[in-house]
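**Q** okay, sequence plus prediction incoming.
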Amino acid sequence: MNELTGKHVAAMFVFGFGIIIAVNLTLAWNAVHTFPGLEVKNSYVASQSFDADRAAQLALAWDAKAYLQANQLVLKITKGTEPVQPEILSAVFSRATSASADQIPEFSFEGTAFTAPVQAGPGNWNLRLVARAADGTLFQQRMIVAVSQ
């Protein structure tokens with residue numbers, strides 16, 4: 001059996017800490033690489049009208065729900081029990097942590113709900129919606145769509 005020397009102990013420390021540093025760098029690179037981006041370009045400017053925008057959106061009294069039915073994304077917007085058909089300005093169906101699987105759904109109104117074909121694997125997805133009411137009020141909401149398979 002070989003004798004344990006200072007060189008062996010130093011090599012074990014370098015090897016052990018080398019693994020730790022390599023794992024940390026890999027995790028940090030993946031965290032930065034998969035970050036989907038900023039919500040707004042300038043948070044100060046966005047904050048100036050936040051309260052008024054929020055009050056106007058709440059005054060619409062809309063309830064929005066999104067879910068998957070087979071390979072169809074279903075978006076129901078209602079006011080009370082009546083369906084609402086706003087103008088959809090933008091919609092992005094994506095993973096919460098990565099922009100690589102982003103999809104822009106092409107919604108069509110089916111009388112009581114909007115539907116669009118999408119490709120979704122299991123897990124949590126987000127639908128980020130911006131719509132405009134007939135009176136010009138913007139409606140913005142992020143809805144979580146859980147997909148189980």
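**A** Looks like it arrived, so ask away. Numbering: from 1, shown residues only.

**Q** following element in sequence after the one helix or strand Met12 maps to, please.
**A** Met12 is part of helix 6-33, with elements assigned from DSSP states H and E. Remark: after helix 6-33, the chain's next helix or strand is helix 43-48, criterion DSSP H and E.

**Q** mind giving me the packing neighbours of the helix or strand following that following helix?
**A** Per DSSP H and E, the first helix or strand lying C-terminal to helix 43-48 is helix 50-60. Here helix 50-60 touches strand 138-147, going by 3 or more CB pairs under 8 Å, 6 or more residues apart in numbering; DSSP states H and E. Backbone N, C-alpha and C define where each C-beta goes, glycine included.

**Q** the inter-axis angle of the strand it packs on versus helix 50-60?
**A** 70 degrees (axes from the mean of the first three to the mean of the last three CA atoms, to 10 degrees).

**Q** any idea of the mean pLDDT for strand 138-147?
**A** Across strand 138-147, the average pLDDT comes to 92.

**Q** and Ile144, what does it touch?
**A** By CB atoms under 8 Å, 6 or more residues apart in numbering, Ile144 lies in contact with 96, 124-126.

**Q** I'd like the distance between it and Tyr67.
**A** Ile144 sits at a distance of 10 Å from Tyr67 (criterion: CB to CB, to the nearest Å).

**Q** repeat for Ser98
**A** On the measure of CB to CB, Ser98 and Tyr67 end up 21 Å apart.

**Q** how about low-confidence regions in the chain?
**A** 1, 36-38, 149 (pLDDT under 70).

**Q** and the residue nearest the centre of it, its phi and psi?
**A** Closest residue to the average C-alpha location of the chain: Ala96 at 3.5 Å, with CA atoms, centre = their mean. The phi and psi values for Ala96, taken as degrees, to the nearest 10, are phi -70, psi -30.

**Q** distance of the residue nearest to it when sequence neighbours are not counted relative to Ser100?
**A** Spatial nearest neighbour of Ala96, excluding adjacent residues (CB to CB, 6 or more residues apart in numbering): Asn126 at 5.4 Å. Distance of Asn126 to Ser100, computed by CB to CB: 14 Å.

**Q** burial of Ala28, as a residue count?
**A** The number of residues packed near Ala28 is 10, by other CB atoms under 10 Å.
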